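K.L.:
Dropping a prediction and its sequence here:
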Amino acid sequence: MRPAAAAEERPPNFVIVFADDLGYADVGVYGAKGYETPHLDRMAREGAMFTDFYVAQAVCSASRAALLTGCYPNRIGILGALGPSANHGIHDNEWTIAEVLKPRGYATAIYGKWHLGHHPKFLPTRHGFDDYFGLPYSNDMWPFHPTARFPDLPLIDGETIVNAKVTPEDQTQLTTWYTERAVKFIEQHQDEPFFVYLPHSMPHVPLYVSDKFEGKTERGLFGDVIAEIDWSVGEILKTLERLDLDERTLVIFTSDNGPWLSYGDHAGSAGPLREGKGTTWDGGQREPFLARWPGRIPAGSVCGEVAATIDLLPTLAHLAGVEELPMKHAIDGKDIWPLLAGEPDAKSPHAAYFFYWGGHLQAVRSGKWKLHFPHSYRSLKGEGGTGGRPAPYVDKQIGLALYNLEKDVGETTDVAEQHPEVVERLKVLADKARRDLGDTAGKVQGENVREPGRL
């Protein structure tokens, strides 16, 4: 164990709990129905709740890459979701949050779903994490998948496969196992700064829950799964209190993308937002975001400014006292500590936020305005999804359309004709993003972009 710094110089601890396929309305304070989330609601009550917080893409790998590197996925060449047959992953030259924090004396760990490459050179232990336990990709990429064939799903400890074939019984224990490892790590490193990344495999389908939560909610299996994730958050908070680390630790909760709506009773809810996972509508990319740090984040604060997962790396680096980020290329995230701290008149640091699907720019938001460019998408709101099996997708088209999210959070009423000047301004912002990040999957442009398959 590294020697602890003097108390007055010791950087804060960080815990990021990252759910999988959790919808905007799947947490109590955001409108969840049929189950309760007392520990997450406590985070909102004792910390900050953001209403306009976004992920960088509405799919697993791309979203996780953005969180850990502070970059839009196009910039680093992680697009979509990497499967068991993928031969690429996070590039050696990218810097993760863990790698940025380690020079400041941090102990680092990840317990849960990685999904940034499963070959040894792509594993978390090669990218700044001291400890790793979890699945290398999604929990449905296994032989039990109802409609597709996948190889065996491995469980990895460090860089060793400790269970080559995860079973349904194993899946019922994943949330518990991840939580127990996180608690143990915090206990072991309580005398030094630590960063714990806890990316749960749930509520991505297939849904599994331990005996202690099975059948406990009115919502059924989905509600039981969320109740167990809420329990996990409670265990983290309880451990921090027991070890007198509460006022030293920033705890963050959010998710990788919106709900996989096609799965019906096994899926969550985006509430008033349009669509869900796999789309650039807000239902796909706007997520619950809670942050708690007693004494540093005002209790019960609500922030309506645009912020995103790409902002977490620069924000945590700032709080840890990192004077200069080590990346040789630009990152897209901004320091959002003024928003978290509730500083008077704090505003979003993003003049514009860009919505990509794969490598294609589909929308841009600036302030209250969101402009969609013409594109096709697969609606996940098919009827009939039940019992863990999906309903059919519905292919849809959208033309150029402008929405006022302040008045129309569901993106239902196109006001482009009434505001041509706004449309033109957002087009200019989008063109700038295209020049920097590219606008075609597989043909990304820009000197800082790493193309998939060329890693």
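P.N.:
Yep, that arrived.
K.L.:
Which pLDDT value goes with the spatially most central residue of the chain?
P.N.:
Here the mean C-alpha position of the chain is nearest to the C-alpha of D256 (CA atoms, centre = their mean), at a distance of 2.9 Å. On the pLDDT scale, D256 is placed at 98.
K.L.:
give the contact list for it.
P.N.:
F18, A19, D20, D21, V55, C60, S63, R64, L67, P199 (CB atoms under 8 Å, 6 or more residues apart in numbering). Placement of C-beta: from N, CA and C, glycine included.
K.L.:
where does the residue nearest to the second one when sequence neighbours are not counted fall, phi/psi-wise?
P.N.:
Across the structure, with CB to CB, 6 or more residues apart in numbering as the measure, the residue nearest A19 apart from its sequence neighbours is S255 (4.0 Å). Per-residue torsions, S255: phi -140, psi 170 (degrees, to the nearest 10).
K.L.:
S255 and F53 touch, don't they?
P.N.:
No. S255 lies out of contact with F53 (CB atoms under 8 Å); the separation is 9.9 Å.
K.L.:
So for the two, which sits in the more crowded spot?
P.N.:
S255 (29 against 26; other CB atoms under 10 Å).
K.L.:
got the contact list for the more buried one?
P.N.:
Contact analysis of S255 by CB under 8 Å, 6+ apart lists F18, A19, D20, D21, L22, G23, V55, E287, P288.
K.L.:
Equivalent analysis for A227, please.
P.N.:
A227 makes contacts with Y35, E36, T37, F213, K216, T217, as judged by CB under 8 Å, 6+ apart.
K.L.:
Which secondary structure element is home to it?
P.N.:
Here A227 sits within helix 221-242, counting by DSSP states H and E.
K.L.:
again, but for C71
P.N.:
C71 belongs to no helix or strand when elements are defined using DSSP H and E.
K.L.:
just L116 next, same as before
P.N.:
Per DSSP H and E: L116 is located in neither a helix nor a strand.
K.L.:
Leaving out chain neighbours, which residue sits closest to it?
P.N.:
Using CB to CB, 6+ apart, the nearest residue to L116 is I90, at 4.3 Å.
K.L.:
Kindly report the same for V55.
P.N.:
S63 (4.6 Å).
K.L.:
Which positions in stretch 26-44 come out as buried?
P.N.:
Within stretch 26-44, the residues scored as buried using 16 or more other CB atoms under 10 Å are 26-30, 32, 35-37, 39-44.
K.L.:
Any idea how many residues pack against T413?
P.N.:
T413, neighbours per other CB under 10 Å, totals 12.
K.L.:
Residue ranges in the stretch 1-150 of the chain under the pLDDT threshold?
P.N.:
Scanning the stretch 1-150 of the chain for pLDDT under 70 picks out 1-8.
K.L.:
those helices in it, which residues are they?
P.N.:
Assignment of helices within the stretch 1-150 of the chain using DSSP state H, counting those that start in this stretch yields the ranges 38-46, 60-69, 73-76, 97-101.
K.L.:
Convert the C-alpha atoms of the second one to PDB, please.
P.N.:
Extracted as PDB, the C-alpha positions of helix 60-69 are listed here (Å, rounded to 0.1, in the frame of the first residue of the first chain):
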ATOM      1  CA  CYS A  60     -22.600   0.400 -24.300                       C
ATOM      2  CA  SER A  61     -19.000   0.500 -25.500                       C
ATOM      3  CA  ALA A  62     -19.100   4.000 -27.000                       C
ATOM      4  CA  SER A  63     -20.700   5.400 -23.900                       C
ATOM      5  CA  ARG A  64     -18.200   3.800 -21.600                       C
ATOM      6  CA  ALA A  65     -15.300   5.000 -23.700                       C
ATOM      7  CA  ALA A  66     -16.500   8.500 -23.400                       C
ATOM      8  CA  LEU A  67     -17.000   8.400 -19.700                       C
ATOM      9  CA  LEU A  68     -13.400   7.100 -19.100                       C
ATOM     10  CA  THR A  69     -11.600   9.300 -21.600                       C
END
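K.L.:
which helices and strands sit right next to that helix?
P.N.:
strand 13-19, helix 73-76, helix 97-101, helix 312-319 (3 or more CB pairs under 8 Å, 6 or more residues apart in numbering; DSSP states H and E).
K.L.:
Could you tell me which residues touch both of S255 and F53?
P.N.:
What both S255 and F53 touch, as defined by CB under 8 Å, 6+ apart, is the set E287, P288.
K.L.:
quick one: L207 from L261, how far?
P.N.:
Distance from L207 to L261, counting by CB to CB, to the nearest Å: 14 Å.
K.L.:
okay, those two: which has more neighbours?
P.N.:
L261 (26 against 23).
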